[in-house]
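Visitor: My questions are about this predicted structure, shown below with the sequence.
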Amino acid sequence: MNAIVDILVKFSDWIWGYPMLVLLVGGGVIITIRLNFFQFTHLGYILKETFGKMFKKGDGEGTVTAFQAAVAALASTIGASNIVGVPVAIATGGPGAIFWMWLTALVGCATKFAEISLAVKYRVKEGDVYVGGPMYYLRHSKIPVLGVLFAFFLMVELVPSISTQALSFVQTAETIKIPPYVAAAILAVCVALVVFGGIRKIASFTEKLVPLMAVIYLIGGVIIIALNIGRLPGAFALIFKNAFTPTAAVGGFAGAAVAAGIRNGMSRGAYSNEAGMGTSSIAHASAVTDHPGRQGLWGTFEIFVDTIIVCTITGLVLLVTDMWTKIGIDKAASMPSEAFKSVFGQNIGGGVVTLSILMFVLSTVIVVTYYGERQAAFLFGKKFSIFMRFVYIGAIFAGVTINLGILYKLLDLMLACLIIPNMIGVLMMMGEVVEIKKDFFAKEHLNR
């Protein structure tokens, strides 16, 4: 078993080198060019249509509001990856990994617009609920089997994904003396109470939880950075320097090559904001909207909040407190908690991060469980989707005993299996995406 795991880990490291750099970042660059760099040229308009209209009900057909769909998607993207994935990326790739997160995010804005637009265009109505996502729009690509491959790999990938999320919470809860299985049980019960309510219940729950959890965590992070403001220039210098040069060993950090920074920055960035994975389009497919392009704008909103704001705050907190040099990869999940404790003390600091992680993980597991059920229903029918719901809840306990570093690398391998069919399909369907964008921007009287 150890030999098999070693082979899988090595293959995961290889595929997240040049192959994924070409497909994920290179593909994102191609999509950005095809869409005339709209995420930069129309950034003000995008922010006005998203941040400026968060609570507007919207026109058109759909099951939940555009904002509810966005925060349901954000509940998946703003998860443990923002608090735990970032320290894992730094612990294995050095501070330079943050730069590659940013790069992946910038080109990912266009990729996510494409995914969401296609998901809304090809969504279908089941009863009184709209459903969609890559498994539906990829059926309309030149290689229809890509939709089936995506659905199968996502259904399977969510098992280690949920275990990773659970382990992130368990390790953080241990810093304030909560036993592992008690923490796992708390999480499992909370998830079960919500997921049996369906997409409307999930949307209503995440609409309230996501903004609250983000604000609490961000306020604490900004305070820590402000108290260490003198170290902020040095933190940015580390990020840019180590993006292109190896990071030397220091303290508990073992050192990292540039390739490790690229690999971990890209993989953690993709896992965090889901650009290229296509998964968040599953939530967006249910949104009330009058045009696929309008809903696609929320993809840029998500990446801005998820990676540019939340992931950056986490990374800077770890760098200005030097926590990244004090804790090794095996306990990387505890880095943010220890950083908060170093400033706010055991009870407040540890409590804030543990509560934030619980809310982040809870919202993520709830939404990805829904994603997994949709794949199971798409492939094997409604009854099998209910069976998978119990499998996903059981995966919470499975993650308690697994090494975090190995678990993330195996998860990365499954993420690649999702990204490959989705990115190939989206690139083949770019003609349709360009038409969606042109039609929408023409109706909005924008030049490009």
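Guide: The structure has been received and is ready for your questions.

Visitor: what about the helices in the stretch 51-200 of the chain?
Guide: Taking DSSP state H, counting those that start in this stretch as the criterion, the stretch 51-200 of the chain carries its helices at 66-77, 80, 86-93, 97-121, 134-137, 145-174, 180-195, 198-227.

Visitor: and these as TSV, adding mean pLDDT and distance to residue 348?
Guide: Quick note: C-beta positions are derived from backbone N, CA and C, even for glycine. Written out in TSV, the entries for those read as follows (pLDDT from 0 to 100; distance: least, CB to CB, whole Å):
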stretch	mean pLDDT	distance to residue 348
helix 66-77	64	25
helix 80	60	21
helix 86-93	85	20
helix 97-121	92	26
helix 134-137	94	42
helix 145-174	86	15
helix 180-195	84	19
helix 198-227	75	9
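
Visitor: Any chance of JSON lines for those, columns mean neighbour count?
Guide: What follows is those, written out as JSON lines (neighbours: other CB atoms under 10 Å):
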{"stretch": "helix 66-77", "mean neighbour count": "28"}
{"stretch": "helix 80", "mean neighbour count": "29"}
{"stretch": "helix 86-93", "mean neighbour count": "29"}
{"stretch": "helix 97-121", "mean neighbour count": "28"}
{"stretch": "helix 134-137", "mean neighbour count": "28"}
{"stretch": "helix 145-174", "mean neighbour count": "24"}
{"stretch": "helix 180-195", "mean neighbour count": "18"}
{"stretch": "helix 198-227", "mean neighbour count": "18"}
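
Visitor: Nearest approach to residue 326 belongs to which of those helices?
Guide: Evaluated with CB to CB, the helices of the stretch 51-200 of the chain place helix 86-93 nearest to residue 326, the distance being 10.7 Å.

Visitor: can you give me the offset of that closest one from its chain's centre?
Guide: 15 Å (CA atoms, centre = their mean, to the nearest Å).

Visitor: Give me the angle between it and helix 97-121.
Guide: With axes from the mean of the first three to the mean of the last three CA atoms, to 10 degrees as the basis, helix 86-93 and helix 97-121 are set at 130 degrees to each other.

Visitor: for the chain, what helix or strand is lowest in average pLDDT?
Guide: Taking mean pLDDT, DSSP states H and E as the measure, the helix or strand of the chain with the lowest value is helix 80, at a mean of 60.

Visitor: Give the burial count for residue 30, as a bare number.
Guide: By the criterion of other CB atoms under 10 Å, residue 30 has 17 neighbours.

Visitor: contacting residues around it?
Guide: Taking CB atoms under 8 Å, 6 or more residues apart in numbering as the contact definition, residue 30 lies against 427, 430.

Visitor: Relative to residue 293, how far out is it?
Guide: Between residue 30 and residue 293 the distance is 19 Å, computed by CB to CB, to the nearest Å.

Visitor: remind me which residues of the protein are low pLDDT?
Guide: 1, 54-81, 197-210, 249-255, 271, 402-405, 408, 445-448 (pLDDT under 70).

Visitor: Leaving out sequence neighbours, find the closest residue to residue 188.
Guide: Closest residue to residue 188 apart from its sequence neighbours, by CB to CB, 6 or more residues apart in numbering: residue 396 at 4.7 Å.

Visitor: let me redo that: residue 310
Guide: Nearest one to residue 310, counting by CB to CB, 6+ apart, is residue 82 at 4.4 Å.

Visitor: host element of the residue nearest to residue 188?
Guide: Under the assignment given by DSSP states H and E, the secondary-structure element containing residue 396 is helix 382-398.

Visitor: roughly how far is that helix from the heart of the chain?
Guide: In terms of CA atoms, centre = their mean, the gap separating the centre of helix 382-398 from the centre of its chain is 21 Å.

Visitor: Show residues contacting that helix.
Guide: Contacts to helix 382-398, defined as CB under 8 Å, 6+ apart, come from residues 155, 158-160, 162-163, 166, 181, 184-185, 187-188, 191-192, 195-196, 365, 368-369, 372-374, 376-377.

Visitor: Kindly report the same for stretch 144-162.
Guide: The list of residues contacting stretch 144-162 from outside it, by CB under 8 Å, 6+ apart, reads 134-139, 141, 278-279, 365, 368-369, 371-372, 375-376, 378-379, 388, 391-392, 395-396, 398-399, 407, 410-411, 414-415, 417-418, 421-422, 424-425.
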